[in-house]
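Colleague: Quick one, what's the 3D model for this:
(one chain, ligands or ions: 1)
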Amino acid sequence: MTTEPPAVDRLGRDVGYPPHVPAGDWRRFCRQTVVLPAPTGCVLWLKPPRSDGYGQFWVQGPGPELAPAAEPTLLEDLATEPPAGDRAGRGRVWRAHRYAYAAWHGPIGPDVQVMHSCDEPLCVAREHLDVGTNRQNANDREHRGRTARTGLLGARQWGGADARGPYGRAVALHQALLAALAAGADAEALDAVLADVGAAGEAHPGQLSLDL
Ligand SMILES: [Zn+2]
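Modeller: This next block holds a predicted model:
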């Protein structure tokens, strides 16, 4: 058995290996993340966000543990995000946080929602992800005072005060993280970026980018 090289985040920190996905896919996944220090502890997705504010990850070909044919309960992502050629088994797009959860815990059913205890949609931290039903997720959103849809009501309710909506906020965070990384930011500085992006949504509704 060969020894795999460490799976590291964008800043080179070892993330470790989950049991349910191929090592090569996981290394590629981790290089698209950055691990924030405690107590935040979020692992933020660095690729452009989806329109719903979540990260997305392309997996080429069905992995042995995540093969659509072998695990029909995993077709949920295919149904919601079918890229060209997907059904031919050449690959599939996952929401990044769902992929991370399945990587650590194994296959998840179509009615299972992966939720964030940190309330950060771009987070893929193992410790911040938990599962619930669609109904639980809807109740959770309602409880937190936000909806999944953008628009006046949903946007106003996002995060309690963020007028940018899920996608606008995700884009702002994505841009801010990439700019900070390009400027040589360390993990502590990125932690501050996350806080600043959250605060900017409250202070400057509608703003889509930050001056760093
Ligand atoms: Zn998190």
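Colleague: Just after the one helix or strand in the chain whose mean pLDDT sits lowest, pick out the following helix or strand.
Modeller: In the chain, no helix or strand scores lower on mean pLDDT, DSSP states H and E than helix 152-157, which sits at a mean of 38. Of the helices and strands lying after helix 152-157 in sequence (DSSP states H and E), the nearest is helix 165-182.
Colleague: same question for that next one, mean pLDDT?
Modeller: Mean pLDDT, computed over helix 165-182, is 95.
Colleague: Could you list every helix and strand that it packs against?
Modeller: Helices and strands touching helix 165-182, by 3 or more Cβ pairs under 8 Å, 6 or more residues apart in numbering; DSSP states H and E, are helix 152-157, helix 187-203. Every C-beta, even on glycine, is put in place using the N, C-alpha and C of the backbone.
Colleague: Which of these comes out lowest on mean pLDDT?
Modeller: helix 152-157 (a mean of 38).
Colleague: which stretches of this structure form strands?
Modeller: Listed in chain order, the strands of the chain (DSSP state E) span 33-35, 43-45, 56-60, 91-95, 112-116, 129-133.
Colleague: In JSON lines: those strands, plus mean pLDDT.
Modeller: Listed next are these as JSON lines, based on pLDDT from 0 to 100:
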{"stretch": "strand 33-35", "mean pLDDT": "97"}
{"stretch": "strand 43-45", "mean pLDDT": "97"}
{"stretch": "strand 56-60", "mean pLDDT": "86"}
{"stretch": "strand 91-95", "mean pLDDT": "81"}
{"stretch": "strand 112-116", "mean pLDDT": "90"}
{"stretch": "strand 129-133", "mean pLDDT": "85"}
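Colleague: highest average neighbour count across the ones you listed?
Modeller: With neighbours taken as mean count of other Cβ atoms under 10 Å, the strands of the chain reach their highest mean count in strand 43-45, at a mean of 27.
Colleague: And for that one, what's in contact with it?
Modeller: 9, 15, 32-36, 55, 96-97, 100, 120, 122-126, 128, 173, 177, 190, 194 (Cβ atoms under 8 Å, 6 or more residues apart in numbering).
Colleague: ok so, going back, in a markdown table, list the strands of the chain along with distance to Pro5.
Modeller: Formatted as a markdown table, the strands of the chain follow (distance: least, Cβ to Cβ, whole Å):
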| stretch | distance to Pro5 |
| --- | --- |
| strand 33-35 | 16 |
| strand 43-45 | 19 |
| strand 56-60 | 19 |
| strand 91-95 | 23 |
| strand 112-116 | 28 |
| strand 129-133 | 25 |
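Colleague: How many residues are close by Leu173?
Modeller: Leu173 has 27 neighbouring residues, counting by other Cβ atoms under 10 Å.
Colleague: Was I right to think it contacts Leu122?
Modeller: Yes: contact criterion Cβ atoms under 8 Å: Leu173 and Leu122 qualify, at 6.1 Å.
Colleague: burial of Ala195, as a residue count?
Modeller: 11.
Colleague: who in the chain is up against the ion?
Modeller: Selection of the chain residues close to the ion by Cβ under 5 Å from the ion yields 42, 118, 120, 123, 125, 128.
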